[in-house]
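Chemist: fold the following, please.
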Amino acid sequence: MHSVINFVGLENGVISATYRNLMIKAKVVLVEQASGVVLSYPVTTISSPVPVGSLRIKLPGTIRPGTYYLKALNAHGQDAARSAEFHIG
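Modeler: Numbers count the residues shown, from 1 in each chain. Here you go, the predicted structure:
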């Protein structure tokens, strides 16, 4: 199975994304593109038994402007999927 995470949009400090083939306990993290640093917050855990769905991720007020992407990690912490890059202003 090929896992996919798609960035849909950013509005009012909330990221919208869709995913496919992510299983229960997979985690979605935010990564700063320039440094490759995985932010410790927010982290979203997939809890639905259905491997297809959508996410809404509230950004912390302290997030710095820059280019980011979403990365999905499987239940073992291994890279499963990556979204396209997007800018947070």
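Chemist: if I pick T18, what's in contact with it?
Modeler: Applying C-beta atoms under 8 Å, 6 or more residues apart in numbering to T18 gives the contacts I5, N6, V8, V52, G53, S54, L55. Bear in mind the C-beta positions are built from the backbone N, C-alpha and C, glycine included.
Chemist: tell me which residue lies nearest the centroid of this protein.
Modeler: Centroid-nearest residue in the chain: L70, 3.4 Å away (criterion: C-alpha atoms, centre = their mean).
Chemist: circling back to that earlier point, mind checking which of the contacts of T18 are buried?
Modeler: Applying 16 or more other C-beta atoms under 10 Å to the contacts of T18, the neighbour count classes I5, L55 as buried.
Chemist: quick one: which of the contacts of T18 sit in strands?
Modeler: For those, the ones inside strands are I5, N6, V8, V52, G53, S54, L55, with DSSP state E as the criterion.
Chemist: what sits against Q33?
Modeler: By C-beta under 8 Å, 6+ apart, Q33 lies in contact with G66, T67, Y68, Y69, E85.
Chemist: ok, now how distant is the first one from Y19?
Modeler: I take that to be G66. As judged by C-beta to C-beta, to the nearest Å, G66 and Y19 stand 23 Å apart.
Chemist: perfect, I'm done here.
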